[in-house]
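K.L.:
okay, here's the prediction I keep looking at, along with the sequence it came from:
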Amino acid sequence: MTYQFTVPGPPQGKARPRTVRRGRRSTTYTPEKTVEYENAVRKAYRDIYGNGNTIPAKTPTSITIRAYYPIPKVSKAKRARMLSGEIKPTVKPDADNVIKIICDALNPKEEFNGAWRDDAQATDVVFKKRYDETPRVEVTIKGVMPV
């Protein structure tokens, strides 16, 4: 079983939870940009696979994430080197934060059954950062059946 989908727009990383103190009470919340991007990941998955294509619990999975970053304003020569893959993005968001936001978004949540029961099922992760004229994140999830 293989699931492939694309999240349009520049890659985003998972932001740390924020805490607000009011007197003796403190409240922790997830930043709005993180919530919005997780929703965009779920929508991209649901648009293709709906709500019920969940990889069975305890099935080991591999996930490949290809993050295509927007090209900054540079010379034509440098732009061509970026598009060819000769120059790779060393910009934020970090790989681990992009992986985290994608994997967390695919966990079950309220109205979403999830791509898997838990992202702990991911046993193999491949992540690639590249430049492209169309910023996006391409995700491939494969359920690996035990031998």
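P.N.:
Great, that's in hand. Numbering: from 1, shown residues only.
K.L.:
roughly how far does residue 110 sit from residue 22?
P.N.:
Distance from residue 110 to residue 22, counting by Cβ to Cβ, to the nearest Å: 27 Å. Using the backbone N, CA and C atoms, a C-beta is placed for each residue, glycine as well.
K.L.:
check the residue most central in space within the chain and give its pLDDT.
P.N.:
With distances taken as Cα atoms, centre = their mean, residue 102 lies nearest the centre of the chain, 2.6 Å away. Per-residue confidence (pLDDT) for residue 102: 97.
K.L.:
contacts only, for it.
P.N.:
7, 41, 63, 65, 137, 139 (Cβ atoms under 8 Å, 6 or more residues apart in numbering).
K.L.:
quick check: residue 121 vs residue 135, distance?
P.N.:
28 Å.
K.L.:
in stretch 55-65, what counts as buried?
P.N.:
Residues 55, 59, 61-63, 65 are the ones in stretch 55-65 that count as buried (16 or more other Cβ atoms under 10 Å).
K.L.:
among these, which one lies nearest to residue 117?
P.N.:
Using Cβ to Cβ, residue 55 comes nearest to residue 117 of the buried residues of stretch 55-65, at 7.6 Å.
K.L.:
what bridges to that closest one?
P.N.:
For residue 55, the beta-bridge partners under DSSP bridges are residue 116.
K.L.:
alpha carbons of the helix or strand hosting residue 127, as CSV, please.
P.N.:
Here residue 127, judged by DSSP states H and E, is contained in strand 122-131. Presented in CSV, the C-alpha positions along strand 122-131 are these (Å, rounded to 0.1, in the frame of the first residue of the first chain):
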residue,chain,number,x,y,z
ALA,A,122,7.4,5.3,10.6
THR,A,123,10.5,3.1,10.6
ASP,A,124,12.3,4.6,7.6
VAL,A,125,12.4,8.4,6.8
VAL,A,126,13.9,10.0,3.7
PHE,A,127,13.9,13.8,3.5
LYS,A,128,15.2,15.9,0.6
LYS,A,129,15.3,19.7,0.3
ARG,A,130,15.5,21.3,-3.2
TYR,A,131,14.7,24.6,-4.9
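K.L.:
sweet, I'm off.
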